[in-house]
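S.K.: for reference, the sequence and a predicted model appear below.
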Amino acid sequence: MDRRHFITCVTAGLLAAKAGVSFAASGVKRSVIPLWKGSPPGGGGPTGSIQTSARGAQSNIAIPILTVIEPESPNGQAVLVAAGGGYKRIEMGSEAWPAAEWLVARGYTAYVLSYRLPSEGWTDGNLVAFQDAQRALRIVRDREHNVSVLGFSAGGHLLGLAATRPDYRSYPKQDRLDEKSAFADRAALIYPVITLEKPYEHTSTHKILVGKDASSAENAAWSVQNYVTPHSPPFFLVQAEDDPISDPQNTLIMAAACEQQHVPVEMHRYSSGGHGFGMGKPGTPTVKWPDHYAKWLAKS
């Protein structure tokens, strides 16, 4: 690892702590893994360390990383976590870190993904986050036997694509890890953006990945439901019916695609909670979803 990698990784670990990650339980271990041994595929991008807002949102992802949080007594299962933020930022403070803390408290090893943002000047443009998600899955798969994914909002879109397109080559082979299929055993998508097709083009995800003048073919190419096959992993879907960002039809569209392909799917929809409720918004029925998720995870 060169000096730039080392400094960035140390900084990322410190930023995680500042973002409100307590992991107070004794014996919890934290480490940071750069996704790429050298520069990420394609080149370009920002410089400097990861920036974290007052609310714990990351941006300026010059070197994408996995932050690994291991419980004192691992249960043998790992979860790759990706927060949302419309591909403009990564909402670590409200989504990824609370989810990781919840997982670790139950014996799961959490791998939190800081992925590149397409709007930050990368040569490979809209592919960069997907490249990072696939590389992250391969890294986790190399270390763990049972690997599921948990994505929120745009992070749900990202990990939904990764889970349904395990054999798509989004970047040139880098090393032996890239000989592995980037597959997940299970996928949980929480208030996800699923489709970019009409009439659901209002999201930041659509704007960043394909743009307002995208063709129908481009919209379809970035819509998760179009890649569900009988070989896709089981899905767990959560959404509030008053979601103003990701149209509530998104989970219905994904559930229908799973059912059509005979893929197991469990869906929980709540009357209120809006968008971005993370592990549940107090005072709304969304606080119930983690309990259902715990039972679903335990089935694996």
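M.R.: That came through fine.
S.K.: so how far does stretch 235-247 reach from one end to the other?
M.R.: End-to-end distance of stretch 235-247 (Cα to Cα, to the nearest Å): 18 Å.
S.K.: I meant to write stretch 100-109 there.
M.R.: Its start and end residues considered, stretch 100-109 measures 8 Å (Cα to Cα).
S.K.: for beta bridges, what are the partners of the spatially most central residue of the chain?
M.R.: Centroid-nearest residue in the chain, with Cα atoms, centre = their mean: residue 82, separated by 2.4 Å. Under DSSP bridges, the beta-bridge partners of residue 82 are residue 151.
S.K.: name the spans of the stretch 151-300 of the chain whose pLDDT lies under the cut-off.
M.R.: In the predicted model, the stretch 151-300 of the chain carries pLDDT under 70 at residues 300.
S.K.: make it 90
M.R.: Along the stretch 151-300 of the chain, the parts satisfying pLDDT under 90 run over 180-181, 299-300.
S.K.: where do the helices sit along it?
M.R.: Secondary structure of the stretch 151-300 of the chain by DSSP state H, counting those that start in this stretch: the helices cover 154-164, 204-209, 216-221, 249-260, 289-298.
S.K.: ranking those helices by burial, who's on top?
M.R.: Most buried of the helices of the stretch 151-300 of the chain by mean neighbour count (mean count of other Cβ atoms under 10 Å) is helix 154-164; its value is a mean of 29. Where you see a C-beta, it was placed from the backbone N, CA and C, and this is true even at glycine.
S.K.: mind listing what residue 255 touches?
M.R.: When contacts are counted by Cβ atoms under 8 Å, 6 or more residues apart in numbering, residue 255 touches 235, 237, 265, 267.
S.K.: circling back to that earlier point, would you turn the helices of the stretch 151-300 of the chain into CSV with distance to residue 282?
M.R.: Below are the helices of the stretch 151-300 of the chain laid out as CSV (distance: least, Cβ to Cβ, whole Å):
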stretch, distance to residue 282
helix 154-164, 22
helix 204-209, 26
helix 216-221, 36
helix 249-260, 22
helix 289-298, 13
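S.K.: nearest approach to residue 35 belongs to which of these?
M.R.: helix 154-164 (13.0 Å; Cβ to Cβ).
S.K.: circling back: from what I can see the residue nearest to the centre of the chain touches residue 99, true?
M.R.: No: the criterion here is Cβ atoms under 8 Å, and residue 82 misses it with residue 99 at 9.7 Å.
S.K.: shared neighbours, those two?
M.R.: With contacts defined as Cβ under 8 Å, 6+ apart, the residues adjacent to both residue 82 and residue 99 are 150, 152.
S.K.: just the terminal-to-terminal distance for stretch 183-198.
M.R.: End to end - Cα to Cα - stretch 183-198 spans 29 Å.
S.K.: tell me which residues of it come out buried.
M.R.: Buried positions in stretch 183-198, judged by neighbour count with 16 or more other Cβ atoms under 10 Å: 183-197.
S.K.: ok, now stretch 44-58?
M.R.: Within stretch 44-58, the residues that qualify as buried are 45, 46, 49, 50, 52, 56, 57, 58, counting by 16+ other Cβ under 10 Å.
S.K.: ok, the residues you listed vs residue 174, which is closest?
M.R.: residue 45 (16.4 Å).
S.K.: quick one, what contacts the closest one?
M.R.: Contact analysis of residue 45 by Cβ under 8 Å, 6+ apart lists 61, 62, 116, 120, 121, 122, 123, 128.
S.K.: and if you look at residue 170?
M.R.: 127, 130, 131, 134.
S.K.: surely the last one is in contact with residue 161?
M.R.: No: applying Cβ under 8 Å as the test, residue 134 and residue 161 come out as separate, 9.1 Å apart.
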